[in-house]
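**Student:** whatever this is, show me its structure:
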Amino acid sequence: MTTDGQTPDAEDASEAAAVDTFEDTVWPAVNRALTAVDVRPERSVDDLIVHIPRADVVRGLRMLKHDEQLQFNYLRCLTAVDNEADGVDVVYHLYSIPKNLNLTVKTTLPSDDKFVDTATTVWQAANWLERETAEMFGVRFNGHPDPRTLLMPEDMTDSYPLLKSHPYAEIEILQGEGLGHGRDAVVEDE
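**Tutor:** Residues are numbered from 1 along each chain as shown. Take a look at the predicted model:
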């Protein structure tokens, strides 16, 4: 008996049960497709998350798109997540139209070196998504065909609104003030 009252065999069984094999997900097919790429799976609420190092992420995305069993032919979304001192995750949400599969791919960039190769060589739809991610998070996509800004002024190159370090702007007027709402509104009789 162990100190927690379990027999050694029961303890070994509980440790084995704690190891997640991801067999109930798309992981076995993804792992097979990405045999040449260093990859780490993680569970999420809706689908599987696969972490790929930035040096291999575009090659991995291409493999996932062209694999016959997976066919991740649709880039649903591309964005980033600021993890502050832990860097910035570039997040690719993939969907396979013919197979009805979802997959999230993440690659982590150091906060002081936010560069990754462009995914426009895999999906043309990555063009605008990467441009927006560049403006909002300061991520630069090597080889991007059109790195112009979409939302921000062209001369604003040192401020990234979705980074957690971005300063809050002062609120200059109260919400609704001057719009005819609230105490100052005058109701006229018709």
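**Student:** mind listing what's buried in stretch 89-109?
**Tutor:** If you call a residue buried by 16 or more other Cβ atoms under 10 Å, then stretch 89-109 has these buried ones: 89-96, 99, 101-109. Placement of C-beta: from N, CA and C, glycine included.
**Student:** quick one: name whatever helix or strand follows the least confident helix or strand in the chain by mean pLDDT.
**Tutor:** Using mean pLDDT, DSSP states H and E, the weakest-scoring helix or strand in the chain turns out to be helix 8-18, at a mean of 53. Downstream of helix 8-18, the first helix or strand assigned by DSSP states H and E is helix 27-33.
**Student:** and the contacts of that next one?
**Tutor:** For helix 27-33, the external contacting residues (Cβ atoms under 8 Å, 6 or more residues apart in numbering) are Phe22, Val39, Pro41, Leu48, Val50, Met63, Leu64, Asp67, Gln69, Leu70, Leu103.
**Student:** generate a ChimeraX selection restricted to the buried entries among those residues.
**Tutor:** Buried members of those, defined by 16+ other Cβ under 10 Å, are picked up in ChimeraX with:
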select :39,41,48,50,63,64,67,70,103
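**Student:** which ones among the contacts of helix 27-33 lie within helices?
**Tutor:** Met63, Leu64 (DSSP state H).
**Student:** contacting residues for the spatially closest residue to Leu48 that is not a sequence neighbour?
**Tutor:** Leaving out its chain neighbours, the residue that sits closest to Leu48 by Cβ to Cβ, 6 or more residues apart in numbering is Thr25, at 4.6 Å. Residues counted as contacts of Thr25 (Cβ under 8 Å, 6+ apart) are Pro41, Arg43, Asp47, Leu48.
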